[in-house]
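Sequence and predicted model, in that order:
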Amino acid sequence: MASIDLGKSGALHGAHGHEHHGSYLEGKGGFWATVWDWMTTVDHKKIGMMYLVAILFMFFLGGMAALAVRLELFAPTVVDATGQISGNLLGQMFGAGDSLADSNLFYNRAMTIHGIIMVFLVIVPSVPASLGNFLLPLQLGAKDVAFPRLNLASWYIYLLGSFFAILSLLNYGVDTGWTFYTPYSTTTDEGHLRVVWMVTAAFILGFSSIFTGLNFVVTVHKLRAPGMGWFDMPLFVWGIYGTAIIQVLATPVIGITLILLLFERIFHIGIFDPRLGGDPVLFQHFFWFYSHPVVYVMILPGMAIMNELIAAGSRKKIFGYRAVAFSTLAIAGISFIVWGHHMFTSQGEVAAVVFSALTFLVAIPSAVKIFNWISTLYKGSIILTTWNLYALAFLFLFSIGGLTGLFLGSLAVDLHLHDTYFIVAHFHYVMMGGTIIAFIGGIHYWWPKMTGKMYNETVGRIGWFFVFVGFNATFFPQFLMGSRGMPRRYASYVPEYEFWHQFSTIGSGLLALGLFVHLFGFLASLAAGKKAPANPWGALTLEWTHASSPPIEHNFEHEPVVTHGPYDFDTVLPAQTKPGEYSLPRPAAPGSKYH
Amino acid sequence: MATIDLGKHGAHGSAPVNDDRPYHERYQAAHHFVDREHEFDAVKMGVWLFLSTEVLLFSGMFVAYAIFRMMYPDAFLSGSAHLDYRWGLLNTVVLLLSSYTVAAAVRHAQTGNQKWLQINIILTFIAGLIFLTIKGVFEYYKKYSEGLLPGKFYSYPYAENVPYEPLWWGIYWGATGIHASHVIVGMGLFAWLYVRSRKRHFGPGHYNAVEGVGLYWHIVDIVWIFLFPMLYLIH
Amino acid sequence: MITDLLLTLAQTAPAAESAARQGQSLLHKWSFGHVGNSTQAYDTEWLYIFILWVNIISFIVVMAPMFWFVFKYHRSKAATNYQASAAHNTPLELAWSIIPLLVMVPIFFWGFEGYVNKLAAPSDAEEIQIKGQMWAWSATYRNGAEPPPKEYITLMDTGTLVPLLVVPSNRPVKLIMHSADVIHSFFIPDFRTKMDVFPNRYTSMWFEAREVTQRGSDGTWYNMNTETGKREFAGHKVFCAEYCGNNHSEMAAGIVVLSPQEYKQTLVVWSDPYDGGNMPPVEIGKIAAVKRACVTCHSIDGSKNTGPSWKNWFGNEHPYTDGSSHLADENWLRDNILYSQKHIVQGYPSSMPTYAGVLKDVEINGLIEYMKTLSDKGPSAADAPAPAPDGPAPAPAN
């Protein structure tokens, strides 16, 4: 049984005061010098951390918009015989309480802002830009991504896009829905530039996404450490690689779509405007040709994180490594040919049938991944840290999210469920129950590596509990409302849905509470967390075995040479910095039946 | 590997201060690459990926063209008749020649022929300028003054009342406009290459930028090769 | 060719109907509340419940081992650690790839069949024209009848009036739909179907409603729900399911299923909402304001909505976006109703459709007379001269 001794590299961190080998987090002289260093850094770790902070801030904004949506829906809007409006909580908050239309407008804006921020500014960049940036070179044993300056450019392009989105937001935002369906999006809110700004924001963010994806593809191809073949890569890298390919190949199409949408809105060129001979369904095709693959840009990184959490959390080789790797590529490939399933109520019959059949195909590689993760648990050594609880929560929630997709892929049932709360519940179970849950788990898992501090496990578990319970309380009732016919994007509703809406709103409060507990846990860790050892979880990927916590500026003291697979827990036992504290199982004694 | 100095961490490695060799000879790959060939491979792959995004961007425009041509063939015929294929042809020739000059520029960078490298960069830049001049003065301005504008702004006084002809102009201005913006970006890149080539940055050992911009310019040409028959020739 | 094929397939619909009618399972009750009321609804519900069982069984198949493994192989149980186990198992992996695929084949096929059944209407179907417009549905029957405003109902607590559509029972009804502005979607939850409605093309859907809607005890289309103490619509709700702006959630309608005889009689009555123009113009105006959906944007009590309120609008000067201001007299009102895009009132969007060729003269006269009664500048109702109902229409201004 080989053993890698990490005692030294753990001690290296700050211990002998060698200037070149300080942590990447170390300041550069004065305060402004440090700020300038971060602003101009080409270090993938610093860029990843800046992304992480920005994305979490955007997550906060989008979450506030979500709470606003749930608040408005706590009670149906009522206009009594004297014309007095009540129940329009959001409208009253923004001083539009005396008019039904104005008050609905605020709901529509809140729902649009929630969608746009969460999709374009949070979930699409979330894992790849933050954890991906931080970890990809580390896990490959590289010193940086292939094009560090392009990486910095992506970051500033992201900021520029966010700037336009916030500019629009500060002017009360837009009410187009995040999908920008024409002709509504080209005619609403006449005389204002808000929609133009928002579309510009989405267009600019596309560039950020393309450059990040391009950078990662080249990094994976060209910068693997000596000895690391394609099938020696951690599955996190495989997931990010699949994501990057989709980002590069799908984003240009939303680019041209948004350009044409801007032309339509500003110059009225007519391509999407039926009054000028254009076709709104063409917009939907263009839009979903990008936005369906992007669903997998959102979920593949979540699955990528899952691989690392499940393996480290059960100290076992991922079951069927190659199947998981290939299913990633299969999902990426199929994602390009199923966009029409968003349009079963608007496109031709033959197309709908073909898209329905193709849609069922994508279920297979997703199911394969789930089965492989469950099998990985078998005979493992499972630890219930916060991040592994999140991994288990992912399995629970993503299973529901994936299985309910069967209803929607089936044409006859979809005609009933399309554009109802069933859809809302389904994609929240996948996007939030999948990606965001994995993201929060991933942040906990890599927190010691990124910050050099341990988080408090009790606080983490309490947060997890509220997030898990709150999430289900928020979104499960929405399945029931949806199958009973509650349409989505409604500012008010008929009284029969009131109970479930209130249930859902209370759930969203619990969910928010859980997230704030995590925020508290992270801030407390930064302020007074225990110093993290190099490899607190006993994981075997290079960022744990060959880099200190936090890593030095150039990642590794010596270029790593890969001698074992990322999940060879059977044969490799990494040395522990602090034995006992994060107790790892001892290897079975030679000759015992488990050896 | 071990010879690379990690002391300073710019994206590009820097050479010892007192090295008199020209930049392209003393150039060292960025610190995270093994050597210059390794970096060159990575750059080339990155550029190709970027070009594939460009192709996909324009393919959206081509799909829109194909669909609306199918829906409104009359509008497309009548709109296309306003275009003078001779200007289009001239521009095609200009771009094809520039494809030659940019290929020559790459070749001269490889062989280290600084003088002809610079000349070819300038020639390509001028070709871009001629293209834009023809496009702007003899086509865009003429269409603009005649009112042959997209969608709502269409105000051609002698219109033969072909339904949805404004939509054709939406496609025409959209497609050529996006292409022209790529030409402008390309010219900016050539100006940058010229400045760097004056400083003798490119030579046999290091010509990543020339190669990358050259590939980009070829794509701009190829897109035009498709746009020209689509917009000017098909009847 | 393909349509023929699809039609043939549609005829082989499973005998789900009787199954669905034989009482509700608990799952059905939780999913839908009550049994739907059309041929296709039974079909869809049956497929839904089938998929739901697939979901439940699959979920258990995945979750049961997960919870068991977490319990059995928890790290605290030292003895279980480091048991070597296979890193992959090809037959097992093939099995869990192929079995889900086999399960999905029937789901796809039945979904496909039901979809065709929902799209391909029988040729003898009763046709109804449906128009979507921000934010109201309107319907026109084959004899030109339209739902009369006095029959309008409220579904939402906001009191927004929505049209009541009637359909015959046990007869295929085909809806031919288009939109006047943006995309809408005609969604009838109780019939378990919907279709998008576009501004540049017709779309259609059909259904065959089964049970005749029963009036409530007070003879209206409402029942008293004893649990909530609220009145509930006895028929079938229609929602707009494609987001279309401010009052998207108010864009609804109600469907009641009548026996074929009653349906026929209703259409005859409905074909003449203004009683041949023999009603007072103000009454015609009141009806037209609802029927033409004016009131979805213009309030009559002075409150601000998408458009300016009609309260005190007549006889006063109002500023327009071109900087001018103009007295709202009869001619000016008529011109601005018919050609609504010519002058836009300051502070309001230009979203009002043009009504030239849509409104009948009798309706325009009625609307203007109605607006007069809402203004303190208008003649009071008592001394208003009664204009001739069919009098010549005043020429439009300019």
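On my side now, so go ahead. Numbering: from 1, shown residues only, chains lettered A, B, ... in the order given.

Closest approach to chain C from chain B, which residue is it?
residue B:71 (10.3 Å; Cβ to the nearest Cβ). C-betas here are computed from N, CA, C, even on glycine.

give the contact list for that residue.
Shown in contact with residue B:71 (Cβ atoms under 8 Å, 6 or more residues apart in numbering or on different chains): A:277, A:279, B:164.

what about stretch C:243-263, near chain A?
Yes: Stretch C:243-263 reaches chain A (Cβ under 8 Å from any Cβ of the partner chain) through C:243, C:244, C:245, C:246, C:247, C:248, C:249, C:250.

what about the first one, is that helix, strand or coil?
It stands for residue C:243. Following DSSP: H, G, I helix; E, B strand; the rest coil, residue C:243 is assigned to coil.

Next, the closest residue to it other than its chain neighbours: phi, psi?
Setting aside the residues directly before and after it, residue C:243 is nearest to residue A:489 in space (Cβ to Cβ, 6 or more residues apart in numbering or on different chains), at 4.3 Å. Main-chain torsions, residue A:489, degrees, to the nearest 10: phi 60, psi 40.

which ones are touching residue A:489?
Contacts of residue A:489 (Cβ under 8 Å, 6+ apart): A:108, A:111, A:177, A:419, C:243, C:248, C:249.

Of those residues, which is the nearest to residue B:32?
Proximity of the contacts of residue A:489 to residue B:32 (Cβ to Cβ) peaks at residue A:177, which lies at 42.7 Å.

What is the three-state secondary structure of residue 174?
Going with chain A. coil.

ah, I was thinking of chain C
The three-state label given to residue C:174 by three-state DSSP is strand.

so where do the helices sit in chain B?
Applying DSSP state H to chain B gives helices spanning B:23-26, B:36-71, B:73-80, B:85-111, B:114-133, B:141-146, B:165-198, B:208-228.

The stretch 1-150 of chain C now?
Taking DSSP state H, counting those that start in this stretch as the criterion, the stretch 1-150 of chain C carries its helices at C:2-10, C:16-21, C:26-32, C:39-72, C:90-119.

Among the residues of stretch C:243-263 next to chain A, the buried ones, what's the ChimeraX command?
Those of the residues of stretch C:243-263 next to chain A that count as buried under 16 or more other Cβ atoms under 10 Å in any protein chain shown are selected in ChimeraX with:
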select /C:243,244,245,246,247,248,249,250
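
Distance to residue C:156 and pLDDT added to the residues of stretch C:243-263 next to chain A, as a markdown table?
Shown next, in a markdown table, are those (distance: Cβ to Cβ, whole Å; pLDDT from 0 to 100):
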| residue | distance to residue C:156 | pLDDT |
| --- | --- | --- |
| C:243 | 17 | 94 |
| C:244 | 16 | 92 |
| C:245 | 16 | 89 |
| C:246 | 14 | 88 |
| C:247 | 10 | 89 |
| C:248 | 12 | 92 |
| C:249 | 7 | 91 |
| C:250 | 6 | 90 |
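
Out of the residues of stretch C:243-263 next to chain A, which comes closest to residue C:197?
For the residues of stretch C:243-263 next to chain A, the nearest to residue C:197 is residue C:244 (9.5 Å; Cβ to Cβ).

my read: the closest one touches residue C:133, true?
No: contact criterion Cβ atoms under 8 Å: residue C:244 and residue C:133 do not qualify, at 9.3 Å.

intersection of neighbour lists for these two?
Shared contacts of residue C:244 and residue C:133, counting by Cβ under 8 Å, 6+ apart, come down to residue C:181.

I'd like the distance from the closest residue in space to residue A:98 that isn't next to it in sequence to residue A:85, if you could.
Nearest non-adjacent residue to residue A:98, counting by Cβ to Cβ, 6+ apart: residue C:303, 6.0 Å away. Here the criterion is Cβ to Cβ, to the nearest Å. By it, residue C:303 lies 9 Å from residue A:85.

who's more crowded, the two?
residue A:85 (19 against 16; other Cβ atoms under 10 Å in any protein chain shown).

confidence score at the nearest residue to residue C:204 once chain neighbours are set aside?
Nearest non-adjacent residue to residue C:204, counting by Cβ to Cβ, 6+ apart: residue C:176, 5.0 Å away. Looking at residue C:176, its pLDDT is 95.

now the one 3 residues further on
On pLDDT, residue C:179 comes in at 93.

Around it, count how many other residues there are.
By other Cβ under 10 Å, neighbour count at residue C:179 equals 27.

hang on, isn't it packed against residue C:130?
No: using Cβ under 8 Å, residue C:179 is not in contact with residue C:130; the gap is 9.4 Å.

okay, and the common contacts of the two?
In terms of Cβ under 8 Å, 6+ apart, residue C:179 and residue C:130 are both contacted by the residues residue C:197.

And the helix or strand of chain B with the lowest mean pLDDT, what's buried?
In chain B, no helix or strand scores lower on mean pLDDT, DSSP states H and E than helix B:23-26, which sits at a mean of 76. Applying a neighbour-count criterion of 16+ other Cβ under 10 Å, one finds B:23, B:24 buried in helix B:23-26.

swap in stretch B:154-162?
Buried residues in stretch B:154-162, counted by 16+ other Cβ under 10 Å: B:154, B:156.
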